[in-house]
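**Student:** okay, predicted coordinates and the sequence, questions at the end:
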Amino acid sequence: MDNKALKTDVYTNENVWVDSCEQPIDVEFTLPEYCPDISKIFKCKTVARISSKSVNDKSITVDGSICITVLYCDTNNKLCSYEYQYPFNKVRETDVNTTGCDLYANAKTDYINCRAVSGRKVDIHGAASINLKLFCRKCKTVISDIDDACIEARRATAPATSPMGYAEKYVIIEEEIALSDGTLPVEKIIRYDAYPTVTDCKIISDKVMNKGEMAVTITYCNENSASPQVVKTLIPFSQIVDIQGVTENCQCETKTILSFLDVKPKINAAGECKSFMLNAKLLLCSQAYCEDAVPIIYDAFSRRFEADIIKDKVTFTKICDNIKERFHFKENITLNDAISTVLDLWCDVQSVKAKFADGKMTVCGVLIISIVGVAENGETIFCEKPLDFEYDHSLNSVTEALECQPEISVISCGYTINSPTTLEIRADLALNAAVLEKQGIELITDLKLNEQKLKPKRGNCALTVYFVSGQECVWDIARIYNASVDEILKINNIQGEYVNDGSMLLVPTL
């Protein structure tokens, strides 16, 4: 009945292919000559990063590297480190049509084992996971109204949202980080970390304006200083991402992925190293949704003819809360061994997830505290402590269909020594989270009348007396008797959609 049905297009995002693959980490390397011999390995830290990805017909290619930092103690009981880049390339074949699809990819280390074969040689085994997702904007045509006097239609307005597109853009950061006046020059870098986070996301016609900052921590040593020195800084960044069709009324979620990071000492004209040169590449991933309430018919029947009603469940996604907040974490930890000095301390975030209850979202995760210190006997030691954290945020919308994949970035991490075996840990954390409401609605995509097959009459009377059992919907009663909903409401002087138990209705029948 195409000539009597009004149709409209609705848009959704659909995952067309999801895959996960393992990247083995098997490497053995020898320290370069400038590195001291290994006495004891404290920590082997691995960070998996994807530098590029592409889709070519049904072939997906992902390139990246795993940055391996071996933190160890030399034979003179001094803290040392060595960084090794382990490149990888993954090609996956898919049997789906990739035309018009976007590819999202991330990588993380699953486990790592590290041992010193000798004072100069290190053997490392482990694995990383590469997660891939192909998704695209799909269009479905649904019936929004029917112009036929014999068809009863249950009309409504769907709180639909339309995904306007997904876009990615790289941000290149090149920054010189200078040491403060009077600081000893750099001999060598022990370790460095960077945590990017988006702090603001605004939409101006066809463009998403993202602002953020990257928290950088560099630990280095000088031959004239017994303890390593730490430099902390925040580097701002901004980038415009183009998404055709977005307006100020849309909502946007932007996530950051650190694709590349390198920090090296920089020697000045006097031959001293008084600054660092940082090179980083960030990938900004922006997804925009625009509210677009759509008139729909979610149920229908013909009072005269048999009919086939074809329905399809459409899931609409809406950003109901866009959270960009900072929160403070503080907790005391007890060490297994007494220490006199902390040489280095840093935090890593793991296992972040969101849960919903009582009108709020609770973001919980694990903060891994890594500590390098000097024991009371002068020995350099290492310990690692997991600390659970939670952060509550009151929600603007409370439904049963909420989901969120929050990002937590470490802005800073500090400590206070309370006693030789207890430390107070302090961390400033940044939360970037879009709370999504996903609502699945069954919509009519087609209605086919069989005009050669009339519906059987229910008796020979023009009016049927119907006694309501329990609370019933007038629509359901009308469907039973192939009657008009409006006529039932008018004859019985009913105002609402439901009638109570024991009520008597007069139902007009054909």
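**Tutor:** That came through, no problem.
**Student:** which stretches of the protein have low pLDDT?
**Tutor:** The chain contains residues with pLDDT under 70 at 1-3, 458-459, 510.
**Student:** can you check which strand is longest in it?
**Tutor:** Scanning the chain for the strand with the most residues, using DSSP state E, yields strand 422-454.
**Student:** next, the residue sitting nearest the centre point of the chain: secondary structure please.
**Tutor:** Nearest to the mean C-alpha position of the chain, by C-alpha atoms, centre = their mean, lies Gln405 at 3.8 Å. Three-state call for Gln405 (DSSP: H, G, I helix; E, B strand; the rest coil): coil.
**Student:** one more: Ile488?
**Tutor:** Once three-state DSSP is applied, Ile488 turns out helix.
**Student:** could you pull out the helices in this structure for me?
**Tutor:** Counting by DSSP state H, residue ranges of the helices within the chain are 474-481, 485-491.
**Student:** dig out what Val499 forms beta bridges with.
**Tutor:** Per DSSP bridges, the residues bridged to Val499 are Glu472.
**Student:** give me the number of residues near it?
**Tutor:** 21 (other C-beta atoms under 10 Å). In short, each C-beta sits where N, CA and C put it, glycine included.
**Student:** my guess is it contacts Gln471. True?
**Tutor:** Yes. If you go by C-beta atoms under 8 Å, Val499 and Gln471 touch, sitting 7.2 Å apart.
**Student:** the closest residue in space to Ser302 that isn't next to it in sequence: what's it in contact with?
**Tutor:** Using C-beta to C-beta, 6 or more residues apart in numbering and skipping the chain neighbours, the partner closest in space to Ser302 is Ile151 (5.2 Å). Going by C-beta atoms under 8 Å, 6 or more residues apart in numbering, Ile151 touches Lys4, Ala300, Phe301, Ser302, Arg303, Ala307, Leu447.
**Student:** out of the residues you listed, which is nearest to Phe135?
**Tutor:** Leu447 (30.2 Å; C-beta to C-beta).
**Student:** give me the beta-bridge partners of that closest one?
**Tutor:** With DSSP bridges as the rule, Leu447 is bridged to Ile309.
**Student:** was I right to think it contacts Leu6?
**Tutor:** No. Judged on C-beta under 8 Å, Leu447 makes no contact with Leu6 at a distance of 11.6 Å.
**Student:** give the residues shared as contacts by the two.
**Tutor:** Common neighbours of Leu447 and Leu6 (C-beta under 8 Å, 6+ apart) are Ile143, Ile146.
**Student:** higher neighbour count, those two?
**Tutor:** Between Leu447 and Leu6, counted using other C-beta under 10 Å, the more crowded position is Leu447 (23 against 11).
**Student:** thinking again about what came up before, okay if I get the helices of the chain as JSON lines plus mean neighbour count and distance to Val186?
**Tutor:** What follows is the helices of the chain, written out as JSON lines (neighbours: other C-beta atoms under 10 Å; distance: least, C-beta to C-beta, whole Å):
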{"stretch": "helix 474-481", "mean neighbour count": "17", "distance to Val186": "76"}
{"stretch": "helix 485-491", "mean neighbour count": "15", "distance to Val186": "80"}
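**Student:** I'd like these laid out as JSON lines, including distance to Lys133.
**Tutor:** Putting the helices of the chain into JSON lines (distance: least, C-beta to C-beta, whole Å) gives the following:
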{"stretch": "helix 474-481", "distance to Lys133": "40"}
{"stretch": "helix 485-491", "distance to Lys133": "44"}
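**Student:** tell me the residue furthest from the middle of this protein?
**Tutor:** Asn460 (62.2 Å).
**Student:** next up, the contacts around it.
**Tutor:** By C-beta under 8 Å, 6+ apart, the contact list for Asn460 is empty.
**Student:** strands along the stretch 251-400 of the chain, start to end?
**Tutor:** Assigned by DSSP state E, counting those that start in this stretch, the strands in the stretch 251-400 of the chain fall at 273-291, 294-302, 305-334, 339-357, 360-375, 380-394.
**Student:** mean neighbour count for the ones you listed - can I get that in a markdown table?
**Tutor:** Shown next, in a markdown table, are the strands of the stretch 251-400 of the chain (neighbours: other C-beta atoms under 10 Å):
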| stretch | mean neighbour count |
| --- | --- |
| strand 273-291 | 20 |
| strand 294-302 | 19 |
| strand 305-334 | 15 |
| strand 339-357 | 16 |
| strand 360-375 | 18 |
| strand 380-394 | 15 |
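**Student:** as CSV, those strands with distance to Tyr84 would be great.
**Tutor:** Below are the strands of the stretch 251-400 of the chain laid out as CSV (distance: least, C-beta to C-beta, whole Å):
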stretch, distance to Tyr84
strand 273-291, 18
strand 294-302, 55
strand 305-334, 30
strand 339-357, 19
strand 360-375, 19
strand 380-394, 19
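**Student:** quick one, which of those gets closest to Ser227.
**Tutor:** Per C-beta to C-beta, nearest to Ser227 of these: strand 339-357, 5.7 Å.
**Student:** just name whatever secondary elements that closest one is in contact with.
**Tutor:** Counting contacts by 3 or more C-beta pairs under 8 Å, 6 or more residues apart in numbering; DSSP states H and E, strand 339-357 packs against strand 188-204, strand 207-221, strand 360-375, strand 380-394, strand 407-419, strand 422-454.
**Student:** rerun at 6 Å
**Tutor:** Applying 3 or more C-beta pairs under 6 Å, 6 or more residues apart in numbering; DSSP states H and E, one finds that strand 339-357 contacts strand 360-375, strand 407-419.
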